[in-house]
Each structure stands twice: as structure tokens, then as C-alpha cells.
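Asks: structure for the following, please:
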Amino acid sequence: MFPALFQSNTIPVLEQMVSFSQARHSVLAGNIANLDTPGYKVRDLSVDDFQSRLKDALETRRKQRAGVSPGELAYSGITSSNRRGDGMLAKASEDSKSIVYHDKSNVGLEYQVTEVLKNQMQHNLALTIMKNQFNLLEAAISGKA
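Replies: Below you'll find the model as predicted:
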């Protein structure tokens, strides 16, 4: 009963967003750490690819739930096999959107810091929404709603 309750709302989507932003933050931090490494090419996880896959999973979930009665909790959009983003996060993009310097590296500090900050804001937003979802569930379960 409880797994179906947690998986029938936005919590699985928010979990995927948090996992993706954590993985992307690690990649971006590695880019900054290798700022002075000659020939280093920046890596990044494709935000567009992640959003496209998440949208497809949500659309599949919506289609599968089309025939389910409103009182019945069902969830099948994001399976446990890709919950951690095994296939989704494995591909790192080589497109860096920064210039190539004289030492053949393409690490731009300003661009990387900007991407880290945007990623952090996305992560914090997902966590805040998830916290609010859990607070609503707690209120509903305890009867304080």
C-alpha cells in the first residue's frame, strides 16, 4: 500500500531530478577540478536528454493510467532498474559550449561555475518540492489536513 502511495504522485519524478542533479554536479565539479589540466576536455550530462527521457516516462505512465479508476493507485513509469539512472546518466556529452584555449583544453571557469549554480538551484527546487509532498502526505495520514 505505501509504495503505491508514494509512487502515485510527483515523488518518483522528483527523485529522478535529484539523482540526475547529483550526478551532474559531480561531473561539473570534476571539470572545475581539472581546470589547469592541459588538454582536458569538459564533460557534462545532457540536460535535454534527461528531460526528454523523463517526459517520455511520464507520458508512458499517463497512458498506462488512462484506464485506471481514480481511487486505484498505480505506477509504472520509472522502474527500479533505471531509478538510479543507469542508462540515462551514463552518457556524458562532449559538447562543451566553451572556447578551446592555447593548451587545447576547453574548460571555461565562468561557464562551469554558472552551470554548477544552475544545477544547484534545480537540485534545491526538487528537494523543496519533495519535502512539501512528504509534509502533505504526513498531514493526510495523521488527519491534520
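Asks: listing request: residues of the chain with sub-threshold pLDDT.
Replies: Residue ranges of the chain with pLDDT under 70: 1-9, 67-106, 145.
Asks: and the strands in it?
Replies: Assigned by DSSP state E, the chain shows strands spanning 44-45, 92-93.
Asks: report the spatially nearest residue to L45, omitting neighbours in sequence.
Replies: Excluding its sequence neighbours, the residue lying closest to L45 (Cβ to Cβ, 6 or more residues apart in numbering) is R24, at 4.5 Å. Every C-beta, even on glycine, is put in place using the N, C-alpha and C of the backbone.
Asks: isn't the one you found right up against V116?
Replies: No - with contact defined as Cβ atoms under 8 Å, R24 does not count as touching V116 (9.0 Å).
Asks: of those two, who's got more company?
Replies: Neighbour comparison, R24 and V116: the larger count goes to R24, with 24 against 16 (by other Cβ atoms under 10 Å).
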